[in-house]
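*Asks:* Below: sequence and its predicted model.
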Amino acid sequence: MTRRRSGRRSRRRRQAEAQWIGLAVAAVVVISLVVGVVNWLLAHWWVLVIVLMLAVLAGVGWFYNRQQQARWEAVRAQGLRYGLAQLDALHHSRFEDAIRDLMRRDGCRDAQRVGGRGDLGADVKATDPFGRRWVIQCKHRRNGARGSAVGTPDLQVLNGTARQVHGADVAVIVTNGRVTAPAVAFARQQRLHVVDRQTLVVWASGSRPLWELLRSVPPPRRPSTLS
């Protein structure tokens, strides 16, 4: 038994020594390569200058492209318009994209689409120029006004998560279809906002921001040049 234990210990020592030797050799190789590269660059400094110039040019090109893209997005957002026929023809996910883009047109620069599985009643989130946080649930109907109406259960989902989970100042449900009368009454009781087909066409085809089309929107959180 004593011989077996001593044999195992000696094997472990040899393995540990082999590992340390391997690490030392690898470190020597890496250091040698670094020293060799540095010496080569010192002898061929012009290569480093060319690389730096190319990096600067690439950075300038990237920055210019970003500026051009931002300008184009601003121009596109300012002139963004949708007709009801266009909105009706969209896939439900593209409808959410359209609502996000309309919020951006209105000045909500951080507007983003978050709809999908587990969205907890929020398809679009945005902060308006007055500092108010918007949480929007989108209900697209392929058949428009002839599709199924948005009912109270849809509003209950929004009411249960918009403020408590998403921190909304303004909770909105947007549809290209109809909304039942009980759902409208529930929305008024719970301080929710409904954008039905009639309100949507005014918002999507014009230049007025959504908060000018809704009643009883909370006051601004902070001063703005738009106020």
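*Replies:* Right, received. Where do you want to start? Not measured: the values here are computed from a predicted model. Numbers count the residues shown, from 1 in each chain.
*Asks:* If you count contacts, what does the strand or helix carrying residue 125 end up packed against?
*Replies:* Assigned by DSSP states H and E, residue 125 belongs to strand 124-127. Based on contacts counted as 3 or more C-beta pairs under 8 Å, 6 or more residues apart in numbering; DSSP states H and E, the elements that strand 124-127 packs against are helix 92-105, strand 112-113, strand 133-139. C-beta here means a position set from N, CA and C on the backbone, and glycine is covered the same way.
*Asks:* Quick check: neighbours of the shortest one in the sheet, parallel or antiparallel?
*Replies:* Here the strand partners of strand 112-113, with direction, are listed using DSSP bridges: strand 124-127 (antiparallel).
*Asks:* what comes up buried for stretch 89-103?
*Replies:* Judged by neighbour count using 16 or more other C-beta atoms under 10 Å, the buried positions of stretch 89-103 are 90, 95, 96, 97, 98, 99, 100, 101, 102, 103.
*Asks:* neighbouring contacts of it?
*Replies:* By C-beta atoms under 8 Å, 6 or more residues apart in numbering, the list of residues contacting stretch 89-103 from outside reads 77, 80, 82, 87, 111-113, 115, 123-124, 126, 128, 134, 136, 138, 140, 174, 176, 203-204, 210.
*Asks:* Tell me where the model's unsure across this structure.
*Replies:* In the predicted model, the chain carries pLDDT under 70 at residues 1-9, 64-65, 67-79, 115-119, 222-227.
*Asks:* With distance to residue 41 added, can I get the helices and strands packed on strand 124-127 in TSV?
*Replies:* Below are the helices and strands packed on strand 124-127 laid out as TSV (distance: least, C-beta to C-beta, whole Å):
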stretch	distance to residue 41
helix 92-105	47
strand 112-113	44
strand 133-139	52
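*Asks:* Check which helix or strand residue 153 maps to.
*Replies:* Assigned by DSSP H and E, residue 153 falls in helix 152-161.
*Asks:* and that helix, what does it pack onto?
*Replies:* With contacts defined as 3+ C-beta pairs under 8 Å, 6+ apart, the packing partners of helix 152-161 are strand 133-139, strand 170-175, helix 181-189.
*Asks:* Distance from the chain centre to the first one, please.
*Replies:* What separates the centre of strand 133-139 from the centre of its chain is 14 Å, taken as C-alpha atoms, centre = their mean, to the nearest Å.
*Asks:* Report the inter-axis angle for that strand versus strand 170-175.
*Replies:* Here strand 133-139 runs at an angle of 20 degrees relative to strand 170-175 (axes from the mean of the first three to the mean of the last three C-alpha atoms, to 10 degrees).
*Asks:* strands paired with strand 133-139, and their directions?
*Replies:* Paired with strand 133-139 in the same sheet, following DSSP bridges, are strand 124-127 (antiparallel), strand 170-175 (parallel).
*Asks:* Could you export the longest one as PDB, CA atoms only?
*Replies:* Included here for strand 170-175 are C-alpha records, laid out as PDB according to Å, rounded to 0.1, in the frame of the first residue of the first chain:
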ATOM      1  CA  VAL A 170     -49.100  56.400 -20.800                       C
ATOM      2  CA  ALA A 171     -50.600  52.900 -21.600                       C
ATOM      3  CA  VAL A 172     -52.100  52.600 -25.100                       C
ATOM      4  CA  ILE A 173     -53.700  49.900 -27.200                       C
ATOM      5  CA  VAL A 174     -53.500  50.400 -30.900                       C
ATOM      6  CA  THR A 175     -55.600  48.500 -33.500                       C
END
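*Asks:* Since that was my last question, I'll sign off now.
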